[in-house]
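> predicted coordinates and the sequence they were generated for:
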Amino acid sequence: MGVGILVENLNAWYGTNHTLQDINLHIPANHATALIGPSGCGKSTFVRCLNRMHETNPIARVTGVIKMGDIDIYKDASPVEIRRRVGMVFQRPNPFPTMSIYDNVASGLKLNGFTGRRILDETVERSLKQAALWEEVKDDLKKKSGASLSGGQQQRMCIARALAVDPEVLLMDEPASALDPVSTSKIEDLIFQLKSQYTIVIVTHNMQQAARVAENTGFFLNGKMVEFDSTHKIFTNPRDKRTEDYITGRFG
Amino acid sequence: MRVKFHQSLDDLKEKLLVMAGMAEQAIQRSIEAYRTRDLSICELVLRSEPAINRLEREIDQMALDLLAMEQPMAIDLRFILSVIRINADLERVGDQAVNIAVRVREMGAFANVELPVDIPKLASLAAAMVRKALQAFIEADADLAKSVLKLDDQVDEMNDAAFYALSNLIKEQPEQTPQALNALIIARNLERVGDHATNIAEDVIFWVRGADVRHNAANI
């Protein structure tokens, strides 16, 4: 099951560049939450703070508190543990090119020390089913490489790979921006189904997509979160003029 | 910046204002026809209806295209929804003008009698509501739109008073029934014009403030 995420006074820097400033918000469990904003506004940095990837850059720094359920992710757990609990899907599908579909999906489990054949088989099947890819690849699991799939299939395989380690939170950084409309709609259907089991945070430049998939939406601008509200409110009658100007295309 | 889209929104507004001008002119002419019993003015009103209907279809199509092609959000989405609704109300204002013109034409077949109802006054109030509602639309002024809602009660009261006065006339002087019935229907048409102006004002408030105040003035 997904967990809620509580963010308190989060600040992040790249060197001297203060990229996130005093972010406070509550991301509810088992909901899809969209983050929108112009390029460079800090939304991707924000999701990278949620799985402690931001700190992998030597000049990056984070202060503040992020709680997932009862756990303070910067105090109570290691980055490796957090990244197991928080799956991430990127803009471009990133399969391991030399691995089969099966090995791609099982890679996270193997890294976490699971080697039992039966567990691996079951997990690969469950994850591919959750990612709505099983029927398309079940006969070629070990025959085909992950890189031989279409872009949309690769992205669903990457989602399956993220789900295989049984995370509580799924971060998606523009997961459909490189996909055609049919593949995009499959990813969106998937988000709709997955949120009953996971807490989903999706960064998107496609505002219609945010409106379609997310219950809540946050608008970032210049490193600050300008507005966070129900998606319905944000896209029909936002409180802040800057939000309205952005979503109606009056700047950016 | 979505320059083309925002230009299209301006074009849509301009077209709706053309429609508004035609609907307003039709209602003014129908009242003038009542006041003067000039059948040539009735003909003008009747002849203007196809143009109003054609504009209604064109505006709907423009709005539909913008919804489909531009996927508007927030104030732009509310604007387009408001335009679609206001467009329908303006077309109905045009219909009311036609109904009045038809009644005036029928009244011409009977002797002119003094009726115990001030139709021009009712008409001027209803027309003022339409004017104010459209002014509110032009200026995106929700406060002005709110003031229109208050006028509707006055129009309703005048229509009720006309109903009782004309009912009594029919009872007391049955030979005047045809003229009284026509005046009764005209009063009813004008009351409907007031209702359409109220709808337009509510749509302006929805567009500007994002508040749906229909059927519940307490939310304003």
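Yep, it's here. Numbering: from 1, shown residues only, chains lettered A, B, ... in the order given.
> okay, CA-based contacts and neighbour counts for the rest of this
Noted.
> gap between whatever residue of chain B ends up closest to chain A and A:Arg242?
Of all residues in chain B, B:Ala74 sits closest to chain A, at 4.0 Å by CA to the nearest CA. According to CA to CA, to the nearest Å, B:Ala74 stands 12 Å off from A:Arg242.
> in its sheet, what does the one helix or strand A:Trp13 maps to sit against?
If you go by DSSP states H and E, A:Trp13 is part of strand A:5-14. Using DSSP bridges, strand A:5-14 pairs in its sheet with strand A:17-27 (antiparallel), strand A:60-68 (antiparallel).
> let me have these in CSV, extended by mean neighbour count, mean pLDDT and distance to A:Arg117.
Listed next are the strands paired with strand A:5-14 as CSV, based on neighbours: other CA atoms under 10 Å in any protein chain shown; pLDDT from 0 to 100; distance: least, CA to CA, whole Å:
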stretch, mean neighbour count, mean pLDDT, distance to A:Arg117
strand A:17-27, 18, 97, 36
strand A:60-68, 18, 96, 31
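> may I have the phi/psi pair for the residue of the stretch 51-200 of chain A found nearest chain B?
Residue nearest to chain B within the stretch 51-200 of chain A (CA to the nearest CA): A:Pro181, separated by 15.2 Å. Backbone torsions of A:Pro181, given as degrees, to the nearest 10, read phi -60, psi -40.
> go on, A:Ser230?
Comment: the main-chain dihedrals of A:Ser230 come out as phi -60, psi 150, following degrees, to the nearest 10.
> likewise for the one 3 residues further on?
Taking degrees, to the nearest 10, you get phi -70, psi -40 for the backbone angles of A:Lys233.
> next, the contact list for it, please.
Residues in contact with A:Lys233, defined by CA atoms under 8 Å, 6 or more residues apart in numbering or on different chains, are absent; none qualify.
> A:Arg239 now?
Per CA under 8 Å, 6+ apart, neighbours of A:Arg239: A:Glu227.
> which strand residues bridge the residue lying closest to A:Ala162 once chain neighbours are set aside?
Leaving out its chain neighbours, the residue that sits closest to A:Ala162 by CA to CA, 6 or more residues apart in numbering or on different chains is A:Gly87, at 5.0 Å. Note on A:Gly87: beta-bridge partners by DSSP bridges are A:Leu170.
> what does the pLDDT read for A:Gly87?
What the model reports for A:Gly87 is a pLDDT of 94.
> that one - how many residues pack around it?
Other residues lying near A:Gly87 total 25 when counted by other CA atoms under 10 Å in any protein chain shown.
> need phi/psi at A:Phe114.
Note on A:Phe114: backbone dihedrals following degrees, to the nearest 10 are phi -80, psi 130.
> please give the element, helix or strand, for the residue nearest to it when sequence neighbours are not counted.
Using CA to CA, 6+ apart and skipping residues adjacent in sequence, the residue nearest A:Phe114 is A:Leu120, 7.4 Å away. Element membership of A:Leu120, judged by DSSP H and E, is helix A:117-130.
> for chain A, give me the ranges with low pLDDT.
Along chain A, segments meeting pLDDT under 70 span A:252.
> ok, now which ones touch the closest residue to chain B within chain A?
Closest residue of chain A to chain B, CA to the nearest CA: A:Thr236 (4.0 Å). Contacts were defined as CA under 8 Å, 6+ apart; by that measure A:Thr236 touches B:Met73, B:Ala74, B:Ile75, B:Leu77, B:Arg78, B:Gly210.
> with adjacent residues omitted, what lies nearest to the third one?
Taking CA to CA, 6+ apart as the measure, B:Ile75 lies nearest to B:Trp207, with 6.4 Å between them; neighbours along the chain are not counted.
> which SS state does the one you found fall under?
helix (DSSP: H, G, I helix; E, B strand; the rest coil).
> what's around it, how many residues?
Residues near B:Trp207, counting by other CA under 10 Å, number 26.
> likewise for B:Asn159?
Summarising burial for B:Asn159: neighbours were counted as other CA under 10 Å, giving 25.
> who are the contact partners of the closest residue to A:Thr63 other than its chain neighbours?
With CA to CA, 6+ apart as the measure, A:Asn11 is the residue that lies nearest to A:Thr63, at 5.2 Å, once sequence neighbours are left out. With contacts taken as CA under 8 Å, 6+ apart, A:Asn11 has the following neighbours: A:His18, A:Thr19, A:Leu20, A:Gln21, A:Asp22, A:Ile23, A:Val62, A:Thr63, A:Gly64.
> and if you look at A:Ala176?
Listed by CA under 8 Å, 6+ apart, the contact set of A:Ala176 reads A:Gln91, A:Ser183, A:Thr184, A:Ile187.
> for it, grab phi and psi.
Its backbone dihedrals place A:Ala176 at phi -120, psi 10, with angles given as degrees, to the nearest 10.
> now do the same end-to-end measure for stretch A:55-71.
Distance between the two ends of stretch A:55-71: 18 Å, counting by CA to CA.
> distance from the chain centre to that stretch, please.
Stretch A:55-71 has its average C-alpha position 16 Å from the chain's average C-alpha position, going by CA atoms, centre = their mean, to the nearest Å.
> next one: stretch B:207-216
For stretch B:207-216, the distance to the chain centre is 19 Å (CA atoms, centre = their mean).
> who touches that stretch?
A:236-237, B:75, B:78-79, B:82, B:140-142, B:199, B:202-203, B:205-206, B:219-220.
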